[in-house]
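S.K.: 3D model of this:
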Amino acid sequence: MSQIDYNHSPYDIGSNLVHAHQRAWARLAAPGTWWDAATRVAIASETRNALDCAYCVTRRDALSPYSVEGEHQVAGDLPDVLVEVIHRVRTDATRLTRKFYQDALAGGLSAGEYVETIGVMATVIGIDGFTKALGLPVHPLPEPVAGEPSHRRPTKTNDALAWVPTVAPEDVTEAESDLYDGLAGVNIHRALSLVPAEVQGLFDLDRVHYLPDFALRDKDTDYFDSRALTHPQIEFLAARVSVINQCVY
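M.R.: Here you go, the predicted model:
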């Protein structure tokens with residue numbers, strides 16, 4: 001398995017970041033809930049490749065993405081419906097609609113597969129964004145580990161909150177008891193909750209890239225004594241990045 005390190009970084013990277021990235025790469029290389037490891041790594045590869053897809057560039061610049069015909073430039077042999085999800089989410093996320101999600105289901109993806117795909121993409125995009133901001137090349141993707149996905153779906157889900165089924169904190173069962181460990185279970189935490197492992201993985205990264213949940217509204221905690229930026233500086237950067245990415249959350 002490829003091991004992430006920052007030995008050649010021009011900046012001193014904290015061990016908490018390095019270890020979180022290593023954990024993320026280990027998760028990426030392991031069988032997931034609905035995808036085996038080879039597919040997870042292939043999704044990561046296609047997530048990177050989508051940025052160079054000429055069809056996606058043309059479609060993104062069109063008045064409607066559905067007004068342009070063409071074919072994706074692909075990096076591997078993933079199913080067409082999965083390639084379409086990856087490329088649209090990666091290159092034109094602000095114009096996604098419920099119909100886009102429903103078309104993915106009609107094309108053969110399950111809701112769990114869709115959610116896990118988003119989780120894998122978020123992992124790769126976050127870490128790639130970090131390395132690019134430092135002027136470093138992206139890390140080689142890891143080698144997949146043998147094994148089968150668990151196919152474990154939460155017992156009780158809510159279909160009313162979002163396009164995808166989600167799990168409310170009060171509906172968490174013993175089987176997914178660690179789903180919201182250290183998290184309040186608000187909407188952003190619930191977004192990937194149909195696949196609990198992706199919630200845990202995303203917010204393992206979020207705690208070091210942004211803030212742990214307990215520090216979000218605590219102005220007096222000494223947590224910030226160990227950070228290079230103050231809480232207001234962190235929030236300013238977060239707000240600015242959200243605007244650039246057209247994040248409406």
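
S.K.: so where's this structure shaky on pLDDT?
M.R.: Scanning the chain for pLDDT under 70 picks out 1-2, 219, 249.

S.K.: so which residue is dead centre in the protein?
M.R.: When Cα atoms, centre = their mean is applied to the chain, the residue found nearest the centroid is Ala122 (1.8 Å).

S.K.: so which residue of this structure lies furthest out from the middle?
M.R.: Asp220 (30.4 Å).

S.K.: burial check on Ala133, number of neighbours?
M.R.: Around Ala133 there are 9 other residues, counting by other Cβ atoms under 10 Å. Just so you know, the C-beta spots here come from the backbone N, C-alpha and C atoms, and that holds for glycine as well.

S.K.: tell me the spacing between it and Arg88.
M.R.: Separation of Ala133 from Arg88 (Cβ to Cβ, to the nearest Å) stands at 25 Å.

S.K.: which parts of the chain are helices?
M.R.: 15-28, 37-49, 54-61, 80-91, 98-106, 111-133, 187-190, 196-209, 231-244 (DSSP state H).

S.K.: mind listing what's buried in the fifth one?
M.R.: For helix 98-106, the neighbour count (16 or more other Cβ atoms under 10 Å) marks Phe100, Tyr101, Ala104 as buried.

S.K.: would you confirm that Ala184 contacts Asp213?
M.R.: Yes: between Ala184 and Asp213 there is a contact under Cβ atoms under 8 Å: 5.8 Å.

S.K.: neighbour count winner among these two?
M.R.: Asp213 (19 against 13).

S.K.: which ones are touching that one?
M.R.: Gly182, Leu183, Ala184, Phe203, Arg207 (Cβ atoms under 8 Å, 6 or more residues apart in numbering).

S.K.: let's see it at 7 Å
M.R.: Neighbouring residues of Asp213 by Cβ atoms under 7 Å, 6 or more residues apart in numbering: Gly182, Leu183, Ala184.
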